[in-house]
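S.K.: Provide a 3D model corresponding to the input given below.
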Amino acid sequence: HVFACEADPALAETAAAVVAANGLEARVHVLRKPSTSLSVGFGKGCDLPCKADLVVTEIFDSVLLGEGVLATLRDAHGRLLAPGGRV
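M.R.: Next up is the predicted model:
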């Protein structure tokens, strides 16, 4: 499974439409929130069933600190990435 997170509502809707247009709804899930708000587990309100084996990022900014890149990647590595996983 692929889980994509997008904080911007318009971009999240566009991503979900692209997923649907390609018939990938069963494999790709668009989560409409920033990665720093994702929760891992099987309980109520959890977004991901388990930690990820691979985290891919596409934070766009011309300044390394502008979108909180370092803090966001640190958070993803610590909370969302499985042991032995890659960023």
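
S.K.: what lies in contact with the longest helix anywhere in the chain?
M.R.: Secondary structure of the chain per DSSP state H: the longest helix is helix 9-21. With contacts defined as Cβ atoms under 8 Å, 6 or more residues apart in numbering, helix 9-21 is touched by 4, 6, 25, 28, 30, 31, 32. From N, CA and C alone the C-beta is placed, and that goes for glycine too.

S.K.: need these in CSV (columns: pLDDT).
M.R.: Below are those laid out as CSV (pLDDT from 0 to 100):
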residue, pLDDT
4, 95
6, 93
25, 96
28, 97
30, 97
31, 97
32, 96
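
S.K.: so how far is the helix or strand bottoming out on mean pLDDT in the chain off the chain centroid?
M.R.: Using mean pLDDT, DSSP states H and E, the weakest-scoring helix or strand in the chain turns out to be helix 69-75, at a mean of 86. On the basis of Cα atoms, centre = their mean, to the nearest Å, helix 69-75 sits 13 Å off its chain's mean C-alpha point.

S.K.: and that helix, what's buried?
M.R.: 73, 75 (16 or more other Cβ atoms under 10 Å).

S.K.: distance of the spatially closest residue to residue 40 that is not a sequence neighbour from residue 23?
M.R.: Among residues not flanking residue 40 along the chain, residue 48 sits closest, at 4.8 Å (Cβ to Cβ, 6 or more residues apart in numbering). Relative to residue 23, residue 48 is positioned 23 Å away (Cβ to Cβ, to the nearest Å).
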